[in-house]
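**Q** Give me a 3D structure for the following:
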Amino acid sequence: MSTPNPRHLAGNQRRTLYAMYFRLINMAATWDGINQYVMAQLVELADQVADVATDLVEPDQDEPDKEME
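**A** So this is what the prediction gives:
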């Protein structure tokens with residue numbers, strides 16, 4: 001079995017992390033009105049997961065090369 005290239009690996013992991021983000025947001029919503037501390041902790045964790053997913057983008061994907069525009 002071949003090793004996935006970095007772009008495919010990052011893409012797969014970004015999708016997994018975004019799925020985790022939405023699951024955490026749904027979990028937080030279930031705590032709304034029951035325990036605000038737990039809800040806030042889950043939202044904070046979801047935000048951290050989203051940040052990591054965003055950071056998995058390769059630098060050349062963030063900003064297109066100015067010469068290519």
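**Q** Pull out the buried positions in the longest helix seen in the chain.
**A** For the chain, the helix that runs over the most residues, judged by DSSP state H, is helix 6-31. Neighbour-count burial for helix 6-31 flags 10, 14, 17, 20, 21, 24, 25, 28, 31 (criterion: 16 or more other Cβ atoms under 10 Å). The way it works is simple: take the backbone N, C-alpha and C, and place the C-beta from them, glycine included.
**Q** pLDDT and distance to residue 57 added to these, as TSV?
**A** As requested, the buried residues of helix 6-31 are exported to TSV (pLDDT from 0 to 100; distance: Cβ to Cβ, whole Å):
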residue	pLDDT	distance to residue 57
10	89	7
14	94	8
17	96	12
20	97	17
21	97	15
24	98	20
25	98	21
28	98	25
31	97	31
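**Q** Which of those sits closest to residue 50?
**A** residue 21 (4.9 Å; Cβ to Cβ).
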